[in-house]
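S.K.: Sequence and predicted structure are below.
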Amino acid sequence: MPEGPEIRREADALSRALAGRPLERVEYRVRGLGRLARRLRGARVTRAWSHGKALLIAFDRGLVHYSHNQLYGRWRVGPAAQEPDAVRAVRVVLATGSHAAILYSATEIELLDPGELDAHPFLARLGPDALDRATTPSRIAARLLEPAFARAPLARLLLDQRFVAGLGNYLRSEILHAAGVRACSRPADLDAEAIARLARAIVALPRRSYRTAGITNDPERARRLAAQGVDFDNRRFLVYGRAGQPCWHCGRTIRRTEAAGRGLFECPSCQSAPSRRTRSP
């Protein structure tokens, strides 16, 4: 499933292609949206942005597009004359005279009035976006110790969109490794230094992935590996997807386990057991 950095990059691409230009073609192949979609012919996109894994597009006709890619959804931006992929299900087409943006395979698509956003069932429960400037390490450190989150295992907490929006499975493994903590730890079990490391990683790793189009490995290491001819998939991550391979830091073998129903990757040496601050149930 695309995570916050991938969705933010999709929103950026939509803004570059569509913002400020009249829409010459608008198709919503979604039951119940035909009447609203007709209002958008000739409209202009004023803004495209993301909140976590939700993508939003504002139009100057007083409507806002909401979609969630789920597992298979994807936006593709290209020339206005591009032919849709015949293999995938086309859900939305937004085209100006020069560019077309096509949404494939997504299952959650709505057209909303702006006033409905704050009460939307998904958007209303999202925590702060990991990519937003207002989401600082100090804010995340305080959030980790809030009663609603402090006793949740990190394996589950880092997938909880109410805690921080936009984190997903690959970022979970990468954040935990960068912070040097185990997935079984709870914030309530960590000392102040570990909380600070974890908060910094929760902010830094999604932003690194956003800047680099998906690379969470150390940037200098990734550049060096690229110069050596290592392909993207094998230089991209710190630990995610690297079971059986040596840790970049210590050389120990990366292990894969299951946590919260998803694959989790850890280094048994670099990620230590929690330093307990208190005894908690």
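M.R.: That came in fine, so what should we check first?
S.K.: doesn't residue 195 fall inside a helix?
M.R.: Yes. With DSSP: H, G, I helix; E, B strand; the rest coil as the criterion, residue 195 is assigned to a helix.
S.K.: separation between it and residue 143?
M.R.: Note on residue 195: its distance to residue 143, by Cβ to Cβ, to the nearest Å, is 10 Å. All C-beta atoms are positioned from the backbone trio N, CA, C, and that covers glycine.
S.K.: The helix or strand of the chain with the lowest mean pLDDT - contacts with which helices or strands?
M.R.: Sorting the helices and strands of the chain by mean pLDDT, DSSP states H and E puts helix 34-38 at the bottom, at a mean of 91. Contact here means 3 or more Cβ pairs under 8 Å, 6 or more residues apart in numbering; DSSP states H and E; on that basis helix 34-38 packs against strand 25-28.
S.K.: next one: the strand it packs on to chain centre, how far?
M.R.: Centroid separation between strand 25-28 and its chain, computed with Cα atoms, centre = their mean, to the nearest Å, is 26 Å.
S.K.: returning to that earlier point: could I get the buried residue list for the least confident helix or strand of the chain?
M.R.: 36-37 (16 or more other Cβ atoms under 10 Å).
S.K.: Which element is encountered next along the chain beyond that helix?
M.R.: strand 45-51 (DSSP states H and E).
S.K.: what about that next one, average pLDDT?
M.R.: Across strand 45-51, pLDDT averages out at 97.
S.K.: Give me the contacts around the next helix or strand after it.
M.R.: Per DSSP H and E, the first helix or strand lying C-terminal to strand 45-51 is strand 54-59. With Cβ atoms under 8 Å, 6 or more residues apart in numbering as the test, strand 54-59 has contacts from 7, 10-11, 14, 18, 40, 43-50, 64-69, 75, 94, 114, 117, 122-123, 126, 165.
S.K.: Which of the helices or strands spans the residue nearest to residue 213 when sequence neighbours are not counted?
M.R.: Distance criterion Cβ to Cβ, 6 or more residues apart in numbering; nearest residue to residue 213, sequence neighbours excluded, is residue 9 at 6.8 Å. Per DSSP H and E: residue 9 is located in helix 4-18.
S.K.: residues of that helix that come out buried?
M.R.: Buried, per 16+ other Cβ under 10 Å, within helix 4-18: 4-11, 13-15, 17-18.
S.K.: likewise stretch 44-56?
M.R.: Within stretch 44-56, judged by 16+ other Cβ under 10 Å, the buried ones are 44-45, 48-56.
S.K.: How about stretch 93-100?
M.R.: Buried-residue list, stretch 93-100, by 16+ other Cβ under 10 Å: 93-96, 99-100.
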